[in-house]
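S.K.: Pasting a predicted model and its sequence here:
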Amino acid sequence: MAKTERDVERVKAELDTSEGWCCDGRTYKEHAHADGECCQPKGTKIEELPEEGQKAARERQQKEGQSS
């Protein structure tokens, strides 16, 4: 099933990477919103995550149609 432009925009809104990533592959916003904390400082780039976190974050980006 092809993604519509609306679907792509919704996914981008859901995967808001503007504040960086957490070590478990969630975005900073997702993790902080879920439990108030993130294992990495705000603004952490994928390349700065532990190997498993990098893998999880890249898989999410690929699945949700985003690039780094």
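M.R.: Great, that's in hand. Everything numeric in this text was worked out from a predicted model, so none of it was measured.

S.K.: How much space separates A34 from E51?
M.R.: 22 Å (CB to CB, to the nearest Å). Every C-beta, even on glycine, is put in place using the N, C-alpha and C of the backbone.

S.K.: Counting neighbours around each, name which of the two comes out higher.
M.R.: Taking neighbours as other CB atoms under 10 Å, A34 and E51 compare with A34 leading, 11 against 7.

S.K.: contacting residues around the more buried one?
M.R.: R26 (CB atoms under 8 Å, 6 or more residues apart in numbering).

S.K.: can you offset everything so residue one is 875?
M.R.: Sounds good: first residue 875 from here, last item A908.

S.K.: Kindly state the pLDDT recorded for it?
M.R.: pLDDT recorded at A908 is 80.

S.K.: T901 versus that one, what's the distance?
M.R.: Relative to T901, and taking CB to CB, A908 is found at 10 Å.
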